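Visitor: Just the structure for this:
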Amino acid sequence: MISHISIRTRTAGLVEITEDVQSAVAESGADEGLCTIMVKHTSASLTIQENADPSARRDLEAWLGRLVPENDPLYTHTAEGLDDMPSHIKAALTSTTLSIPLTGGRLCLGRWQGIYLWEHRRSGSERHCVVHVGP
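Guide: Below you'll find the model as predicted:
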């Protein structure tokens, strides 16, 4: 079964989508199998990360910002602003797909794990993910 999730982001950062994905799993009726999620953009990504302490997410965002700064003189792809090329690099360094096993109709995530859409553009956007649940 394939479902679609839309997420409106307001700024760069991690947005938890665990419940949206779990809802798609529940709609599928699958008890066991694999859930694959893909973000349909080149300036956003997906990650599984701690969902208990927000400081872990802030530290990740700060670290990636230092690793891939804006205003690098090597960038030539800047038509959409200073965060344009850095957002593509951040998406390439992270992941645009995740695969998570299912058991008992639930995502097999650890106690402190959540699924996040990672917006890399400062202005935010309407982001779209495809969720596939299958054997």
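Visitor: Let me know how buried residue 116 is, in neighbour terms.
Guide: Per other CB atoms under 10 Å, the neighbour tally for residue 116 reads 22. For glycine as for every other residue, the C-beta is placed from the backbone atoms N, C-alpha and C.
Visitor: Do you know the pLDDT at it?
Guide: Per-residue pLDDT puts residue 116 at 98.
Visitor: Surely it is in a helix?
Guide: No. According to DSSP: H, G, I helix; E, B strand; the rest coil, residue 116 belongs to no helix; its state is strand.
Visitor: my guess is it meets residue 16, correct?
Guide: Yes. Applying CB atoms under 8 Å, one finds residue 116 in contact with residue 16, separated by 5.5 Å.
Visitor: Pull up the overlap in contacts between those two.
Guide: Common contacts of residue 116 and residue 16 (CB atoms under 8 Å, 6 or more residues apart in numbering): none found.
Visitor: partner strands of the strand of greatest length in the chain, parallel or antiparallel?
Guide: Ranked by residue count and defined by DSSP state E, the top strand of the chain is strand 126-134. Using DSSP bridges, the strands paired with strand 126-134 in its sheet are strand 2-8 (antiparallel), strand 33-39 (antiparallel).
Visitor: among these, which is the most enclosed?
Guide: strand 33-39 (a mean of 19; mean count of other CB atoms under 10 Å).
Visitor: average pLDDT across that one?
Guide: For strand 33-39, the mean pLDDT works out to 98.
Visitor: you'd agree residue 63 is in a helix?
Guide: Yes. According to three-state DSSP, residue 63 belongs to a helix.
Visitor: so is the residue of the chain most remote from its centre in a helix, a strand, or just coil?
Guide: Here the centre of the chain is the reference, and by CA atoms, centre = their mean the most remote residue is residue 73, at 27.7 Å. Three-state assignment for residue 73 (three-state DSSP): coil.
Visitor: cool, residue 19 as well?
Guide: Quick answer, by three-state DSSP: residue 19 is helix.
Visitor: I'd like the numbering to begin with 74 instead of 1 from here.
Guide: All right, first residue 74 from here; so that's residue 92.
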